[in-house]
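Engineer: here is my input, please return the structure:
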Amino acid sequence: MKILVTNDDGIDAPGINALAEALCEVAEVAVVAPDRERSAVSHALTLHHPLRAIKVGQNRYSVDGTPTDCVNLGIHSLLDFHPDIVVSGINRGANLGDDVTYSGTVAAALEATLMGIPAIAFSLATLADDANYSQAASFAVRLAALVIKNGLPKDTFLNVNFPAKGELLSPLITTQGKRRYEGTIVDKVDPRGRSYYWIGTADLDFHDIEGSDYAAIKRGHISITPLHLDMTNHYSIAHLNSWTF
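Structural biologist: As a prediction, the model looks like this:
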């Protein structure tokens, strides 16, 4: 196997190091990742200034851009091989429900899928500095091998989330969940009397929907959600066609 590894937490993040080390046992691995944390940049692509890529090790590059930039540079310029699969993560913190639309980790897998390359995004549901990524990395190796062996449905990639603690229960194929959006902006005043706003600092909560990614994680299971490039709501087409324009 030839694997490109990236993330949105930055090239020095413990999650990407654990993932790359585990994959190196079974594959030729290249790491192309942002030079710093780029969480919640979604599918952003850098167009208004040149990118810099620094080789920091054997098949290891640090890029002053987004996760999407890293996938593009890796595949089209930096690597001397075409990857069989792109693996993104292991992210510090879950990427569940609606949050997948913000996630740079998920967007990196999406970008690879647009290029016709199988891809998986991995996230661990904790923000703890001392988080243990070893169990997640071990499962990532097995899942990457399965994806290469069996393939994925057209225009589909996998979003995988791991519980924060304890023994991992069996993986479940899940649906994308739904987040509760109440109270996600902190509105305060600084010492000089100026208002400021901080997005995403409140405790986040999700609807406990049976079969969803959140429901699986809450009960200790690994969540595997197949995501699709086509965001068309096909069920709404007949309804919209009934309108008079």
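
Engineer: please enumerate the helices of this protein.
Structural biologist: With DSSP state H as the criterion, the chain has helices at 14-24, 67-73, 104-114, 134-150, 213-218, 237-241.

Engineer: of those helices, which approaches Asn161 most closely?
Structural biologist: Smallest distance to Asn161 across these (Cβ to Cβ): 5.4 Å, for helix 213-218. Glycine gets a C-beta too; all of them are placed from N, C-alpha and C.

Engineer: now stretch 85-94: average pLDDT?
Structural biologist: The average pLDDT within stretch 85-94 is 97.

Engineer: so, low pLDDT: which residues of this protein?
Structural biologist: The chain contains residues with pLDDT under 70 at 182-183, 200-204.

Engineer: returning to that earlier point: now render the helices of the chain as JSON lines, adding mean neighbour count and distance to Lys178.
Structural biologist: Below are those laid out as JSON lines (neighbours: other Cβ atoms under 10 Å; distance: least, Cβ to Cβ, whole Å):
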{"stretch": "helix 14-24", "mean neighbour count": "21", "distance to Lys178": "25"}
{"stretch": "helix 67-73", "mean neighbour count": "26", "distance to Lys178": "24"}
{"stretch": "helix 104-114", "mean neighbour count": "27", "distance to Lys178": "16"}
{"stretch": "helix 134-150", "mean neighbour count": "17", "distance to Lys178": "24"}
{"stretch": "helix 213-218", "mean neighbour count": "23", "distance to Lys178": "8"}
{"stretch": "helix 237-241", "mean neighbour count": "9", "distance to Lys178": "21"}
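
Engineer: indicate which one of these is closest to Ser170.
Structural biologist: Ser170 lies closest, by Cβ to Cβ, to one member of the helices of the chain: helix 213-218, at 9.8 Å.

Engineer: stretch 82-98 spans what distance, first to last residue?
Structural biologist: Length of stretch 82-98, first residue to last, Cα to Cα, to the nearest Å: 31 Å.

Engineer: chain center to it, what's the gap?
Structural biologist: 3 Å (Cα atoms, centre = their mean, to the nearest Å).

Engineer: could I get the contacting residues of His43?
Structural biologist: Counting by Cβ atoms under 8 Å, 6 or more residues apart in numbering, His43 touches Thr68, Ala107, Leu110, Glu111.

Engineer: how close does it sit to Ala216?
Structural biologist: His43 sits 25 Å away from Ala216, going by Cβ to Cβ, to the nearest Å.

Engineer: now Arg92
Structural biologist: 19 Å.

Engineer: same question, Leu79
Structural biologist: As judged by Cβ to Cβ, Leu79 and Ala216 stand 34 Å apart.

Engineer: what of Phe162?
Structural biologist: For Phe162, the distance to Ala216 - Cβ to Cβ - is 10 Å.

Engineer: Tyr197 too?
Structural biologist: Using Cβ to Cβ, Tyr197 is found at 33 Å from Ala216.

Engineer: which parts of the chain are strands?
Structural biologist: For the chain, strands defined by DSSP state E occupy the ranges 2-6, 28-34, 53-57, 60-63, 85-92, 119-124, 156-162, 169-173, 179-180, 185-189, 195-199, 205-206, 221-228.

Engineer: any chance of CSV for those, columns mean neighbour count and distance to Asn132?
Structural biologist: Output for these, formatted as CSV (neighbours: other Cβ under 10 Å; distance: least, Cβ to Cβ, whole Å):
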stretch, mean neighbour count, distance to Asn132
strand 2-6, 26, 19
strand 28-34, 24, 20
strand 53-57, 12, 23
strand 60-63, 21, 23
strand 85-92, 30, 11
strand 119-124, 28, 9
strand 156-162, 25, 10
strand 169-173, 13, 16
strand 179-180, 14, 26
strand 185-189, 10, 30
strand 195-199, 9, 29
strand 205-206, 16, 23
strand 221-228, 20, 15
